[in-house]
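> mind folding the following:
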Amino acid sequence: MRHYSAVNFQRMKALTFGLTFVRHGETQYNKEGLLQGQAIDSPLSEAGLQQAEAAGRYLKDVKFTNVFVSDMLRARQTAEMIMKHNSSCSALQMSCDPLLKEKSFGVAEGGRVQDLKEMAKAAGQTFPGFTPPNGETDEKVKERFKEFLEKMLQRIGAEHWQERAEEEASSSAVPGTSPVEGKAVDGLGGVPVHALVVTHGAYMCVAVRFFVEELLCSEPPGSDKKHMFSLSPNTGLCRFILTVRKEDDRFQLSGIHCVFVHRGDHVRK
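Just a heads-up that it's a prediction; the model follows:
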């Protein structure tokens, strides 16, 4: 991936868009410290529904142009609650994608997270990098995320490029450089396109690590890699600003920076 300064972004025809990840709300399995993965398609608990409601209220004035959701029930219920509170979503349809499914934990699904940690220790490996029998490696999850990212880039480019890229090229503002003030709209000043992605905890860990380690995404002020790579709380939010350029008939990622990770203030209020 090529890297360009903010000044260079402004001088070339490009499209900048926001990407906000949201982890699904709590399920009974989360509450009891049990692994769900892919085999267990559990609904949100009562607390999880309240968390999703809180996330929806928090994001109610944030404009979205696209909504991508894991096809698992807990993610779809969370997305539905967020969209219900958000007027910009009234004309949108969620795009359910199996590429956004949670990591598979194989034979460990349905068991305790603590049991998986002990399984990893017995194998002389560390958790969460350990892959139980029949489970997905982080590398396989990363490949799924890369496939989703490419598909999303092409879709957003096809839907928004002509109008939005020309708006950016004629504007004197540098999109995505608004100050971070602890608000729901942080980082979105001047950003014309914004995708909501509702997915899962382990999946988000892999996605954030890929952004930082392979795409050299910047860390937000006050953060470090330990925090960046930690598990997001239920309905925790991570936001990134991406810039794409059009090369021939394909849309290529040319820049990315992180606004915040694992924000959960809406749940604690």
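> what bridges to the closest residue to residue 100 other than its chain neighbours?
What sits nearest to residue 100 in space, not counting adjacent residues and going by Cβ to Cβ, 6 or more residues apart in numbering, is residue 70, at 3.8 Å. (Glycine included, C-beta is placed from N, CA and C.) When assigned by DSSP bridges, residue 70 has beta-bridge partners residue 97.
> how far away is residue 70 from residue 249?
29 Å (Cβ to Cβ, to the nearest Å).
> could you list the buried residues of the top strand by length along the chain?
When the chain is parsed with DSSP state E, its longest strand is strand 250-263. Residues 251, 254, 255, 256, 257, 258, 259, 260, 261, 262, 263 are the ones in strand 250-263 that count as buried (16 or more other Cβ atoms under 10 Å).
> in JSON lines: the residues you listed, plus distance to residue 78.
Putting the buried residues of strand 250-263 into JSON lines (distance: Cβ to Cβ, whole Å) gives the following:
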{"residue": "251", "distance to residue 78": "28"}
{"residue": "254", "distance to residue 78": "31"}
{"residue": "255", "distance to residue 78": "29"}
{"residue": "256", "distance to residue 78": "24"}
{"residue": "257", "distance to residue 78": "26"}
{"residue": "258", "distance to residue 78": "22"}
{"residue": "259", "distance to residue 78": "20"}
{"residue": "260", "distance to residue 78": "19"}
{"residue": "261", "distance to residue 78": "18"}
{"residue": "262", "distance to residue 78": "16"}
{"residue": "263", "distance to residue 78": "15"}
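> closest to residue 85 out of these?
If you rank the buried residues of strand 250-263 by distance to residue 85 using Cβ to Cβ, residue 263 comes first, at 16.9 Å.
> for the nearest residue to that closest one once chain neighbours are set aside, give the beta-bridge partners.
The shortest distance from residue 263 to any non-neighbouring residue, by Cβ to Cβ, 6+ apart, is to residue 237 (4.5 Å). On the basis of DSSP bridges, residue 237 is bridged to residue 22, residue 263.
> out of residue 70 and residue 249, which sits in the more crowded spot?
residue 70 (25 against 8; other Cβ atoms under 10 Å).
> now for that one: which residues touch it?
Counting by Cβ atoms under 8 Å, 6 or more residues apart in numbering, residue 70 touches 24, 76, 96, 97, 98, 100, 101, 102, 198, 199, 200, 203.
> ditto for residue 203
Going by Cβ under 8 Å, 6+ apart, residue 203 touches 70, 100, 101, 102, 103, 141, 145.
> lowest average confidence, helix or strand, in this structure?
helix 6-11 (a mean of 41; mean pLDDT, DSSP states H and E).
> show only the entries of the contacts of residue 70 found in helices.
76, 203 (DSSP state H).
> quick check: which ranges of the stretch 51-200 of the chain have low pLDDT?
163-179 (pLDDT under 70).
> so the lengthiest helix in the chain versus strand 250-263, what angle?
Taking DSSP H as the criterion, the chain has its longest helix at helix 138-160. For helix 138-160 against strand 250-263, the angle by axes from the mean of the first three to the mean of the last three Cα atoms, to 10 degrees is 120 degrees.
> just the buried residues of helix 138-160, please?
138, 141, 142, 144, 145, 148, 149, 152, 153, 156, 157, 160.
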